[in-house]
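Asks: no FASTA, just this:
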């Protein structure tokens, strides 16, 4: 397996809006012996909004973020699907276009940096699956999640566009993703299969079209509930915020009681590893999980 050491790109959300994601990520990593060095100098990835406003600025910003991992000689691990997309998208474009890379590096030189393209970008989910390994993870389970029916919710940006993200997630099928399903089973949980697990939660249209956002989240949560789920788990804090914090508005939009805990991926993993509710920040979740 080798030494599992990475630069952790936290993004904005895990440090501000979802501190439980940060707590649970660090707790799980420590428990499993995965070393994470924080990229303290890094800034926002642009959240798929800056990209629409100023494409070149977003490229410089993400190249700068990647540079800090390159200086450490480490690959980047992300814990947000949207960060995963924007860092990966910038890297793909710069690595395949030398002229664009030169233009970006000319700007980066103003702050003493140079983008080289030596650091890989991948999500914590796929570190657990492909590099730590699910079979090894299974041996670390001390509290199997057999009491729970768990619905995986992948969201969009970790698996799409597939031609980009397949470089980072070992060929996950965007139409039939399985990494979280398999993880739930490895942790002793009962996996809930439902049609909407790889759909959009609506986060990125929440301000412009809240009814649409609530409908999208509601469809997914109804699907999970009809499948018998006790909880939803997602690898994206934006999906988690949308489906946890907005449950009241979602329920009104779809005219259905969809009350259900929505956990971050490392919170679920941490429960199976025997970590405490405090270590996993479960008190921060709006809808409480009865453990």
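Replies: Ah, there it is. Because the structure is a prediction, the values reported are computed rather than measured. Numbers count the residues shown, from 1 in each chain.

Asks: quick one: residues contacting residue 262.
Replies: Contact analysis of residue 262 by CB atoms under 8 Å, 6 or more residues apart in numbering lists 153, 231, 232, 233, 234, 240, 243, 244, 285, 287. For the C-beta atoms, the positions are set from N, CA and C on the backbone; glycine is no exception.

Asks: correct me, but residue 201 touches residue 155?
Replies: Yes. Applying CB atoms under 8 Å, one finds residue 201 in contact with residue 155, separated by 5.9 Å.

Asks: quick check: neighbours shared by these two?
Replies: With CB under 8 Å, 6+ apart as the test, residue 201 and residue 155 both reach 234, 236, 238, 239.

Asks: in the chain, which spans are strands?
Replies: For the chain, the strands defined by DSSP state E cover 5-9, 35-38, 76-78, 121-123, 149-152, 190-191, 231-234, 262-264.

Asks: list the residues that contact residue 61.
Replies: Contacts for residue 61 (CB under 8 Å, 6+ apart) come out as 43, 44, 45, 46, 50.

Asks: tell me which residues are up against the lowest-mean-pLDDT helix or strand in the chain.
Replies: When each helix and strand of the chain is scored by mean pLDDT, DSSP states H and E, helix 162-165 comes last, with a mean of 80. With contacts defined as CB under 8 Å, 6+ apart, helix 162-165 is touched by 84, 85, 88, 89, 92, 158, 159, 172, 173, 174.

Asks: so which bits of it are buried?
Replies: Residues of helix 162-165 classed as buried: 164, 165 (neighbour count, 16 or more other CB atoms under 10 Å).

Asks: then stretch 255-263?
Replies: By neighbour count with 16+ other CB under 10 Å, stretch 255-263 contains the buried residues 258, 260, 261, 262, 263.

Asks: what is the nearest of these to residue 139?
Replies: residue 263 (22.3 Å; CB to CB).

Asks: my guess is that closest one contacts residue 232. True?
Replies: Yes. The pair residue 263 and residue 232 qualifies as a contact (CB under 8 Å) at a distance of 7.2 Å.

Asks: same list (the buried residues of stretch 255-263) but as a markdown table, adding pLDDT and distance to residue 135.
Replies: Formatted as a markdown table, those follow (pLDDT from 0 to 100; distance: CB to CB, whole Å):
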| residue | pLDDT | distance to residue 135 |
| --- | --- | --- |
| 258 | 94 | 35 |
| 260 | 97 | 30 |
| 261 | 98 | 28 |
| 262 | 98 | 28 |
| 263 | 98 | 23 |
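
Asks: out of the residues you listed, who's nearest residue 125?
Replies: Relative to residue 125, the closest of the buried residues of stretch 255-263 is residue 263; by CB to CB it sits at 13.4 Å.

Asks: so who does the closest one touch?
Replies: By CB under 8 Å, 6+ apart, the residues touching residue 263 are 231, 232, 233, 234, 240, 285, 289.

Asks: and stretch 24-44, end to end?
Replies: Chord length of stretch 24-44, first to last residue, is 21 Å (CA to CA, to the nearest Å).

Asks: and the contacts of it?
Replies: Contacts for stretch 24-44 (CB under 8 Å, 6+ apart): 3-12, 14, 50, 61, 64-65, 68-69, 72, 74, 76-77, 79, 124, 127, 132, 137, 140, 264, 266-267, 269-270, 273, 275, 279-281.

Asks: wait, residue 251 sits on residue 258?
Replies: Yes. Counting by CB under 8 Å, residue 258 is a contact partner of residue 251 at 5.4 Å.

Asks: buried ones among the contacts of stretch 24-44?
Replies: Using 16+ other CB under 10 Å as the burial test, the contacts of stretch 24-44 include 6-12, 14, 50, 61, 64-65, 68-69, 74, 76-77, 79, 124, 127, 132, 137, 140, 264, 266-267, 269-270, 273, 275, 279-281 as buried.

Asks: in helices, which of those appear?
Replies: Under the assignment DSSP state H, the buried ones among the contacts of stretch 24-44 contribute 50, 61, 64, 65, 68, 69, 124, 137, 266, 267, 269, 270 to helices.
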